[in-house]
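Engineer: everything below, folded, please.
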Amino acid sequence: MVKVYPSEDNTIFALDIGTRSVIGIVALVEAGRLRIIAQCACEHENRAMYDGQVHDIPKVAGTVLEVKRCLENKIGFGLGKAAIAAAGRSLVTRLCRVEMQLGSEAEVDAALVNGLEIAGVKTAQQELLAGSAETEKYYCVGHSVVRYYLNDYPITSLIGHRASKVAAEVLATFLPESVVNGLYAVLHRAGLEPLILTLEPIAAIEVAIPEGMRLLNLALVDIGAGTSDIAITRKGSVVAYGMVPVAGDEITEAVAEAFLLDFEEAERVKRLLAGGGEITCRDILGDELVLAAGQVLAAVEPAVDRLAGEVASAILELNGGEPPRSVFCVGGGSRLPGLAAKLAGRLGVEERKVAVRGREVIRGLAVDEEGLEGPEGVTVVGIGSVAVKKLARDFIKVIVDGREFSIFSSKDLTVAGVLAQAEFNPRDLIGYHGRDLKFTFNGQERVIYGTLGRPAEIYVNGQKASLKTPVKEGDEIVVQKAVPGEDARIRAGELAGGLRCVKISLNGEQVTAFPVITANGARVTPDYEVKNGDCIEIKELPCVGDLLNGGEAGDVLVEVNGEPAGFDRVLNEGDEVRLHKKKPERVQVGNGAAGSAAAGAKGPAVPGPVLTGEKAAAGTAAAAGAVGAGSIEVTVNGRPTVLSGRKKYLLLDVLNYVDINRHPSRGRVVLKLNGRDAGYMDELKDKDRVEIYWETE
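Structural biologist: Got it, this is the predicted structure:
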C-alpha cells in the first residue's frame, strides 16, 4: 500500500461543535479508507451553547480556535477550512418527488443525477417557503435520496442506465438561518471558512449505519449534551430525521439539584457514573461529599426516564408508530448507565437490540493516535466522511472585495445572501443622512439640514448590480461602501453673515466692541457652535449698555464723544466712551504726594489712588466687618473693600469707591487685576487684588 503523506491539499478538517465540547480531527483518504492523523477535544469554559445552539459566539469561537491550534501543532501546517455539522434544533424536513424527462433513451451520468437531487432540494425548499408563515429564512443543511425511479420503476442507482424519464424522492432537511449563521460566525472568528455543512444525524449515520445495513429498519440516536438527534433507515434509504431537545445536560442538572453541586462539578460526577464505585465531590457550600454511583443514579432516575421516554416517542413517531428492529446509540450522552435499557423498555424491544456504539463500528477507519474511541468520537468521523463525498458540492467560490469566500449555495443565491455569509456589515450599505439642526434665531424657527448620504454601489463582474442580483460560481462582487451624510453644523457668528465689529475708546483705552450674541440668554462669542433647541439672539451694533456685560448701571454716568448718553446709545466706529460715577467723591488718582511724584517722573507708574473722605471711611468700615451673603471682599490699591448688593461684580464697580481725575495733563489709566492687565468688564471674585493708577508718558 502506498502511504499518503498529509498536506493542506489532501486532508479534511472536521469539527463537531457540540453543546459541551468541540471535537476536531484531521483526516485523509488513503487506499479507499479514512485515516485520522490527528485529533483533539476541548470543553467550553462555561455554558456557551444550549440545545445545540450557539449563544456566546466569542466563547465558542475561542474553544474552536484552541482545537485548531492544537491540531496545527500536531500536523505541522495551517488549517483554513472546516467541515461542520449542525444539531437538529428546530429541524424541518420535506419529502418530495421530482421527475426529469430525457426525451430519448439517454444514458444517465453522475452530473444528471446530481442535477436531479438539486432539483428535489429546491422543490422541497419552495414547498417549505409556501407553507410557512414565519419570517425567518431556512437553509438546507443536508438531503438524502429515499428512492430513485427509472421509467417509474424503483431502482437503487441510476448511473449507467438508459431511460426516457428519471425521478427521485428526496428527503431534504432545513434549519433556521439563525442556527446556521451562528456556526458560520464561530468559524469566521476562529479564522476558518466552511468546507461543507451537514446535519449531525446525517453525519453520524454515514459511518454508524453504512448503506449495506440500511435495508433494515434501524434507528440511530446521537445523544449529546443539548440535543438527541435521530435518523431512521428502511429499504436501503434514510427515510426520516428528527430531534428532541433533551439530552445529557438534563441529567447533569438533575445531579446538581439533588446534591447542591454547581454545573461543572455535576457534569464531572455524571461522567464518573459509568465506572461505578464511590465519587468524591464538593457542593456549593464547600462541603466534601462521598457519593456512591448507585446513589447518584437513583437520584437522577426520573430525569433518565424522561430522556428515554422523549427519545422513544420521537423514534416511534418517525417510524410510523412501530419500533425499529434495532437502535444504535452514539454521542457522549449515551454512556449514561441504564439509559439503553430504559430506551429498550420504552420501545418494547429486547435490551440487546438497543446498543451503544463507538468507533469500532466504523468500517475501514484507521487512527494514528489513541483517544475518542467511545461513542462521543463517532459523529466527527461522520462529518469528515460526508465532506469527502460532498466536497465542493454545496459551496461555491465567490470573491467579495478582493477576498475569496466559500459560500453555501443550497438555493438561488443573490448578492444579499453572499454578503450575509461573508459577514459584510449591513451599515456599510446604507448612506444615512446627517442629523438636522433645529433652533430659534431672533424669534424665528430655523432648520439647517444635514447633508444627504450616498448609498453603496454594488458591482458584479464589473457591471452595476443590486442586492437582488443572482450570483454564481466564480463571480466577483465589489461593494463601494455607503458614505454617510454630515450632521448640520453652524456657528453663531455665521447666522448674520459677516458681522461688523466696532472699534471704540473706552475710558481712554482702545477696545473692540463685538456684536452682541446670546444663546439661551447667555452671552457667547461668534465661535459658539449652535446646538439643537438653542435660542440664539444677535444684535449686530452694540449699545453702551452692552459694555456693562450684565452689570448693574444705575449709578454710572455715560459720555459718548464728550456728550451725555443713555445706555441704549448705539455705538459706532471711533466713538469715545467714558463711564464714571454719577456723584464722585473727592478721591482722585494722582493727587497728593504720591500723585505729584508720579506726575514729575517718567517711566514706571506710581500706584494710587489714596482713599480719603467719606468713601474711604465707608469702604474701610465695611471691610472691618463680616462679609455678608452675596458680598465679596477685594483689595483696591492695598486697601480692603467690601462690595455688596449685586449678584455679579465687575472691575467697573470699584468706581463706587475710587474716583479718577478724567482730565490728566498726560498719561493713561492702568487697570490691573491680581497683577495682570485688566479691563473694566473683567469680573471680580472674592479676595481679588485691584490696582488703578496713572502711568506717565
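
Engineer: how about the helices of the stretch 551-697 of the chain, start to end?
Structural biologist: 592-599, 613-624 (DSSP state H, counting those that start in this stretch).

Engineer: tell me the mean pLDDT for the first one?
Structural biologist: Right, helix 592-599. Helix 592-599 shows a mean pLDDT of 34.

Engineer: where in the stretch 351-500 of the chain is pLDDT low?
Structural biologist: By pLDDT under 70, the low-scoring segments of the stretch 351-500 of the chain are 391-395, 406-412, 420-423, 426, 496-500.

Engineer: repeat the analysis, applying 80 as the threshold.
Structural biologist: Low-confidence segments of the stretch 351-500 of the chain (pLDDT under 80): 364, 371, 389-397, 404-413, 416-417, 420-432, 473, 493, 496-500.

Engineer: can you map out the strands along it?
Structural biologist: With DSSP state E, counting those that start in this stretch, the ranges of strands along the stretch 351-500 of the chain come out as 354-356, 366-367, 395-400, 403-408, 437-441, 444-448, 457-460, 463-465, 476-480.

Engineer: check which helices and strands the fifth one sits against.
Structural biologist: Secondary-structure packing of strand 437-441 (3 or more Cβ pairs under 8 Å, 6 or more residues apart in numbering; DSSP states H and E): strand 444-448, strand 535-539. The way it works is simple: take the backbone N, C-alpha and C, and place the C-beta from them, glycine included.

Engineer: which one of the strands of the stretch 351-500 of the chain lies nearest to residue 118?
Structural biologist: Nearest to residue 118 among those is strand 395-400; the distance by Cβ to Cβ comes to 12.5 Å.

Engineer: mind listing what's buried in the closest one?
Structural biologist: 395, 396, 398, 399, 400 (16 or more other Cβ atoms under 10 Å).

Engineer: for it, which strands pair with it and how are they oriented?
Structural biologist: Each strand paired with strand 395-400, and its direction, by DSSP bridges: strand 403-408 (antiparallel), strand 476-480 (parallel).

Engineer: mind giving me a markdown table with those and columns for mean neighbour count and distance to residue 374?
Structural biologist: Shown next, in a markdown table, are the strands paired with strand 395-400 (neighbours: other Cβ atoms under 10 Å; distance: least, Cβ to Cβ, whole Å):
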| stretch | mean neighbour count | distance to residue 374 |
| --- | --- | --- |
| strand 403-408 | 17 | 31 |
| strand 476-480 | 17 | 45 |
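
Engineer: now those as CSV including distance to residue 529?
Structural biologist: Listed next are these as CSV, based on distance: least, Cβ to Cβ, whole Å:
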stretch, distance to residue 529
strand 403-408, 41
strand 476-480, 32
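
Engineer: do you know which of the helices and strands packed on strand 437-441 lies nearest residue 466?
Structural biologist: strand 444-448 (32.9 Å).

Engineer: what angle do the closest one and strand 535-539 make?
Structural biologist: 110 degrees (axes from the mean of the first three to the mean of the last three Cα atoms, to 10 degrees).

Engineer: could you say what helices and strands strand 444-448 packs with?
Structural biologist: So strand 444-448, by 3+ Cβ pairs under 8 Å, 6+ apart, packs with strand 437-441.

Engineer: give me the angle between the strand it packs on and strand 535-539.
Structural biologist: Strand 437-441 and strand 535-539 are oriented at 40 degrees to each other (the same axes, to 10 degrees).

Engineer: the closest residue to residue 56 other than its chain neighbours: how many residues sit nearby?
Structural biologist: Spatially, and ignoring its direct neighbours in sequence, residue 56 is nearest to residue 48 (4.0 Å; Cβ to Cβ, 6 or more residues apart in numbering). Neighbours of residue 48 under the rule other Cβ atoms under 10 Å: 19.

Engineer: so what's residue 48 up against?
Structural biologist: For residue 48, the contact set (Cβ atoms under 8 Å, 6 or more residues apart in numbering) comprises 54, 55, 56, 59, 60, 63.

Engineer: out of those, the closest to residue 75 would be?
Structural biologist: Using Cβ to Cβ, the contacts of residue 48 come closest to residue 75 at residue 63, 19.1 Å.

Engineer: could you give the average pLDDT over the helix or strand harbouring the closest one?
Structural biologist: Residue 63 is part of helix 57-75, with elements assigned from DSSP states H and E. The pLDDT scores in helix 57-75 average 91.

Engineer: after it comes which helix or strand?
Structural biologist: Of the helices and strands lying after helix 57-75 in sequence (DSSP H and E), the nearest is strand 81-86.

Engineer: in its sheet, what does that following strand sit against?
Structural biologist: Applying DSSP bridges to the sheet, strand 81-86 is found paired with strand 11-17 (parallel), strand 193-199 (parallel).

Engineer: could you chop this protein up by domain?
Structural biologist: 1-136+171-210+363-393, 211-355, 399-480, 492-581, 592-695 (automatic domain parsing).

Engineer: report the secondary structure state of residue 324.
Structural biologist: Using DSSP: H, G, I helix; E, B strand; the rest coil, the structure places residue 324 in coil.

Engineer: report the contact partners of it.
Structural biologist: For residue 324, the contact set (Cβ under 8 Å, 6+ apart) comprises 217, 218, 219, 232, 315, 347, 349.

Engineer: mind putting these into TSV with distance to residue 11?
Structural biologist: Below are these laid out as TSV (distance: Cβ to Cβ, whole Å):
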residue	distance to residue 11
217	36
218	31
219	33
232	33
315	36
347	40
349	41
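
Engineer: between the residues you listed, which is closest to residue 27?
Structural biologist: Taking Cβ to Cβ as the measure, residue 27 lies nearest residue 218 of the contacts of residue 324, at 25.2 Å.

Engineer: for that closest one, grab phi and psi.
Structural biologist: Torsion angles at residue 218 (phi, psi; degrees, to the nearest 10) stand at phi -120, psi 160.

Engineer: residues near residue 686, how many?
Structural biologist: The number of residues packed near residue 686 is 12, by other Cβ under 10 Å.

Engineer: residue 640 is in contact with that one, correct?
Structural biologist: No - between residue 686 and residue 640 there is no contact under Cβ atoms under 8 Å: 11.4 Å.

Engineer: shared neighbours, these two?
Structural biologist: Common neighbours of residue 686 and residue 640 (Cβ under 8 Å, 6+ apart) are 633, 634.

Engineer: where does the stretch 51-200 of the chain have low pLDDT?
Structural biologist: Scanning the stretch 51-200 of the chain with the threshold set as pLDDT under 80 gives 51-53, 87-90, 102-107, 109-112, 114-115, 129-139, 142, 177-178.

Engineer: hey, where'd the strands end up in it?
Structural biologist: According to DSSP E, counting those that start in this stretch, the stretch 51-200 of the chain carries its strands in the segments 53-54, 81-86, 92-107, 138-150, 153-155, 162-176, 193-199.

Engineer: nearest to residue 356, of those strands?
Structural biologist: strand 81-86 (20.2 Å).

Engineer: contact partners of the closest one?
Structural biologist: With Cβ under 8 Å, 6+ apart as the contact definition, strand 81-86 has outside contacts at 12-17, 24, 52, 68, 141, 175, 179-180, 183, 187, 192-200, 202-203, 379, 382-384, 386-387, 406.

Engineer: quick one: buried ones out of the residues you listed?
Structural biologist: Buried among these by 16+ other Cβ under 10 Å: 12-17, 24, 52, 68, 141, 175, 179-180, 183, 187, 192, 194-200, 202-203, 379, 382-384, 386-387, 406.

Engineer: for residue 285, which non-adjacent residue is closest in space?
Structural biologist: Using Cβ to Cβ, 6+ apart, the nearest residue to residue 285 is residue 260, at 6.7 Å.

Engineer: shouldn't the one you found be in contact with residue 283?
Structural biologist: Yes - taking contacts as Cβ under 8 Å, residue 260 lies within contact range of residue 283: 4.4 Å.

Engineer: over to the residue nearest to residue 285: give its phi and psi.
Structural biologist: Backbone geometry at residue 260, expressed as degrees, to the nearest 10, gives phi 50, psi 50.
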